[in-house]
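Student: just coords:
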RNA sequence: GGAGACGUGGCCGAGUGGUCGAAGGCGCUCCCCUGCUAAGGGAGUAUGGGUCAUAAGCCCAUCGAGGGUUCGAAUCCCUUCGUCUCCGCCA
């Protein structure tokens, strides 16, 4: 959510930043509405003051038995109430328009974010590891999994349709092993506190992290009005909603291993094969709540925490920085981690790490005590550390052997219960 | 799922239609007193918003949230969320 006061003061900053994301100037419309709201508010408040005053006088008049005066005053109040109601309607209508407008506008990219229209303009930051050279043609993860009879898309389709999978045996175990491995590193080494949050949330929680109102179509909604979380970012970040945090408890670093549910509306035809794009997948999520002045450094730190998993698993990856055109709605700056997939001969996204500034904090009213009588909005950051399903895909493809077996990476061995090779 | 009770400021807790943004206590801040890690006295101590110089002042709203009744609501009514108790059910 955007700070209307800040827009009033520096509209050009907003229009410039939105232009970098390909948007038309917005502030003229916004400030116009804002002016209308405030003008009506003034009129309404004056009427309210008049009503309050007259009402008190009625009380006094009744006290001394002056019914005539009371009646006159009642007429006065009735007039004021008319004005209040009329203005109220006007204010509600205009405020709704204004809020809808503000809620649907994306966050401002930081100055140092590269300009660009789409993902082609994303910038490579660095590469780590060298893709392995195979002396055979590497197979796709789903071919490997199906051949092992531990990855079954057909069976999943019978009960749930497309974009679902049943993992079994050693591959199911590997999903669990990866999750435990990631959680252990993030909690024991990187200082994140483990959480088990709700997987079903109310719309206001999704509004807080900015999946709503714009991305309703990407969510699964239940008959009770709950939504299945598309990422634990929603649950973890909303832990601080409507609260005022003591400054010395910051930064808050939280992690959770949860399933994620995405309708994938609009991605029909994309990644239809295999486990890359599913309606349901597991993910270890990282969320940091920090003071504004710490968010840039925290962003770099969080990137390192996510990278650490790939390094330990010996998976080749690269770090890219998203350009303005590819930046997510709530983000001011985002790094993506892309892992090497031999079968596709390319790097594919496995983690996204974003600094949202105070954007989400405003939407959920999450503040910290900056000084006596001065509460400020926190900054929120989130990142995958990592997407478990895609990590499993990467392990299968990068550690496959010619006979279709999978060698378990050393780092994962302690979690695999003695299994060294899946065959 | 059934029956009932409750939801007030940082905390505890009064308040059942008017002068209540809200008594009192605790906590906290400042001052005074006190020759001292105590006691006492005094003052202050919510949030959001409008006006405005992002001052002072004035004004509006907020007693879980939303709506209603009323000239007037923390107080009455409805809806909703949450907490607690009993019964039922269940992993």
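Tutor: Alright, I've got the coordinates. Computed from a predicted structure; not experimentally measured.

Student: what stretches of the stretch 51-200 of chain A score poorly on pLDDT?
Tutor: In the predicted model of the stretch 51-200 of chain A, residues A:63, A:65 satisfy pLDDT under 70.

Student: What parts of it come near RNA strand B?
Tutor: Where the stretch 51-200 of chain A comes near RNA strand B, counting by CB under 7 Å from any atom of the strand, the residues are A:51-56, A:58-60, A:62-63, A:74, A:77-78, A:81. The C-beta positions use only the backbone N, C-alpha and C, and glycine is treated the same way.

Student: how much space between residue A:27 and residue A:34?
Tutor: Distance, residue A:27 to residue A:34, by CB to CB, to the nearest Å: 9 Å.

Student: Give me the common contacts of these two.
Tutor: Residues within reach of residue A:27 and of residue A:34 at once, by CB atoms under 8 Å, 6 or more residues apart in numbering, are residue A:7.

Student: Helices of the stretch 101-250 of chain A, residue ranges please.
Tutor: For the stretch 101-250 of chain A, the helices defined by DSSP state H, counting those that start in this stretch cover A:141-147, A:153-160, A:169-184, A:203-208, A:232-237.

Student: For the residue in the stretch 101-250 of chain A that RNA strand B sits nearest to, give the beta-bridge partners.
Tutor: As assessed by CB to the nearest atom of the strand, RNA strand B sits closest to residue A:244 within the stretch 101-250 of chain A, at 7.9 Å. Here residue A:244 shows beta-bridge partners residue A:367, assigned using DSSP bridges.

Student: Give me the nearest residue to residue A:338, chain neighbours excluded.
Tutor: residue A:347 (3.6 Å; CB to CB, 6 or more residues apart in numbering).

Student: which helices and strands sit right next to the strand or helix carrying that neighbour?
Tutor: Assigned by DSSP states H and E, residue A:347 falls within strand A:346-355. Here strand A:346-355 touches helix A:295-312, strand A:317-321, strand A:333-341, strand A:379-387, helix A:388-398, going by 3 or more CB pairs under 8 Å, 6 or more residues apart in numbering; DSSP states H and E.

Student: relative orientation of that strand and helix A:388-398 in degrees?
Tutor: Per axes from the mean of the first three to the mean of the last three CA atoms, to 10 degrees, the angle that strand A:346-355 makes with helix A:388-398 is 150 degrees.

Student: Parallel or antiparallel, list what pairs with strand A:346-355.
Tutor: strand A:333-341 (antiparallel), strand A:379-387 (antiparallel).

Student: so which of these gets nearest RNA strand B?
Tutor: It's strand A:379-387; of those, that one is closest to RNA strand B (CB to the nearest atom of the strand) at 17.2 Å.

Student: before we move on, the earlier item: with mean neighbour count and distance to residue A:337 added, can I get the helices of the stretch 101-250 of chain A in TSV?
Tutor: Converted to TSV, these look like this (neighbours: other CB atoms under 10 Å; distance: least, CB to CB, whole Å):
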stretch	mean neighbour count	distance to residue A:337
helix A:141-147	21	18
helix A:153-160	13	26
helix A:169-184	20	13
helix A:203-208	20	25
helix A:232-237	28	16
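
Student: For residue A:381, which of the ones you listed is the nearest?
Tutor: Of all the helices of the stretch 101-250 of chain A, helix A:232-237 sits nearest to residue A:381, with 9.2 Å by CB to CB.

Student: tell me the mean pLDDT over the closest one?
Tutor: Helix A:232-237 comes out with an average pLDDT of 95.

Student: on that earlier part again, would you reformat the helices and strands packed on strand A:346-355 as TSV and include mean neighbour count, mean pLDDT and distance to residue A:197?
Tutor: Formatted as TSV, the helices and strands packed on strand A:346-355 follow (neighbours: other CB atoms under 10 Å; pLDDT from 0 to 100; distance: least, CB to CB, whole Å):
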stretch	mean neighbour count	mean pLDDT	distance to residue A:197
helix A:295-312	19	98	18
strand A:317-321	21	97	28
strand A:333-341	24	98	23
strand A:379-387	28	95	13
helix A:388-398	25	98	16
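
Student: Mind checking these for the one nearest to residue A:152?
Tutor: It is, among the helices and strands packed on strand A:346-355 and with distance given as CB to CB, helix A:388-398, at 14.3 Å.

Student: Adding distance to RNA strand B, write the helices and strands packed on strand A:346-355 out as TSV.
Tutor: TSV is the format used below for those (distance: least, CB to the nearest atom of the strand, whole Å):
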stretch	distance to RNA strand B
helix A:295-312	21
strand A:317-321	33
strand A:333-341	26
strand A:379-387	17
helix A:388-398	23
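
Student: Reformat those as CSV; add distance to residue A:1.
Tutor: Listed next are these as CSV, based on distance: least, CB to CB, whole Å:
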stretch, distance to residue A:1
helix A:295-312, 17
strand A:317-321, 25
strand A:333-341, 18
strand A:379-387, 12
helix A:388-398, 31
